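*Asks:* Sharing a model that was predicted from the sequence below.
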Amino acid sequence: MDLQPFTPAEIRVLGALVEIQALTPDIYPLTLNALVSACNQLTSREPVMQLTDVEICTALDVLMARKLVAERQPAGSRVAKYEHRLNYEWNIDGARLATLALLLLRGPQTAAEIRSRAGRLYSFSDLAEVDTALNALADKYPPLVVK
């Protein structure tokens, strides 16, 4: 796993890709324009950002080099689309992926905040399930989350 820290733009791009895949799979993978809109959304984001196309393209280039994002050119499509590869590269999905997405999009949160905000991303049964997901992410090398 690449040990280089992520920039705020890279963090936002990864979080937005995971969120859109879960919430609106019919438009996923995302075009650059859709990704700009998702990254600069005013709600459910902390901090609110105003990333440019260039900043997002730079983040995408780095994330593709790290094999965390892939570019696709679907048949019949005139533009490239982007998808995250976290489930393949980091072997995370379900509760762990939803937990990571919330942390990427909203920054530090308690387990209770994660559970209450997960909503449509993942339906946590209780706080213990959130703690299990957080512990699994913290046990990776390098850790994907810290307390």
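*Replies:* Yep, it's here. Numbers count the residues shown, from 1 in each chain.

*Asks:* for the chain, what spans make up the strands?
*Replies:* Counting by DSSP state E, the chain has strands at residues 69-72, 81-84.

*Asks:* Any chance of those strands in JSON lines with mean pLDDT, mean neighbour count and distance to residue 134 as columns?
*Replies:* For every residue, glycine as well, the C-beta is placed using N, CA and C. Output for the strands of the chain, formatted as JSON lines (pLDDT from 0 to 100; neighbours: other Cβ atoms under 10 Å; distance: least, Cβ to Cβ, whole Å):
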{"stretch": "strand 69-72", "mean pLDDT": "96", "mean neighbour count": "16", "distance to residue 134": "24"}
{"stretch": "strand 81-84", "mean pLDDT": "97", "mean neighbour count": "20", "distance to residue 134": "20"}
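
*Asks:* Compare the ones you listed and report which one is nearest to residue 39.
*Replies:* The closest of these to residue 39 is strand 81-84. By Cβ to Cβ, the value is 11.3 Å.

*Asks:* can you list the strands of the chain in a markdown table and add distance to residue 10?
*Replies:* Output for the strands of the chain, formatted as a markdown table (distance: least, Cβ to Cβ, whole Å):
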| stretch | distance to residue 10 |
| --- | --- |
| strand 69-72 | 9 |
| strand 81-84 | 11 |
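
*Asks:* Please name whichever of the ones you listed is nearest to residue 22.
*Replies:* Here strand 81-84 is closest among those (Cβ to Cβ), at 10.7 Å.

*Asks:* For the closest one, name the packing helices and strands.
*Replies:* Judged by 3 or more Cβ pairs under 8 Å, 6 or more residues apart in numbering; DSSP states H and E, the packing partners of strand 81-84 are helix 8-23, strand 69-72.

*Asks:* which outside residues touch it?
*Replies:* 14, 17-18, 21, 28-32, 35, 60, 68-74 (Cβ atoms under 8 Å, 6 or more residues apart in numbering).

*Asks:* quick one: the helices in this structure?
*Replies:* If DSSP state H is used as the criterion, the helices of the chain fall at 8-23, 32-39, 53-65, 86-89, 94-106, 111-118, 127-138.
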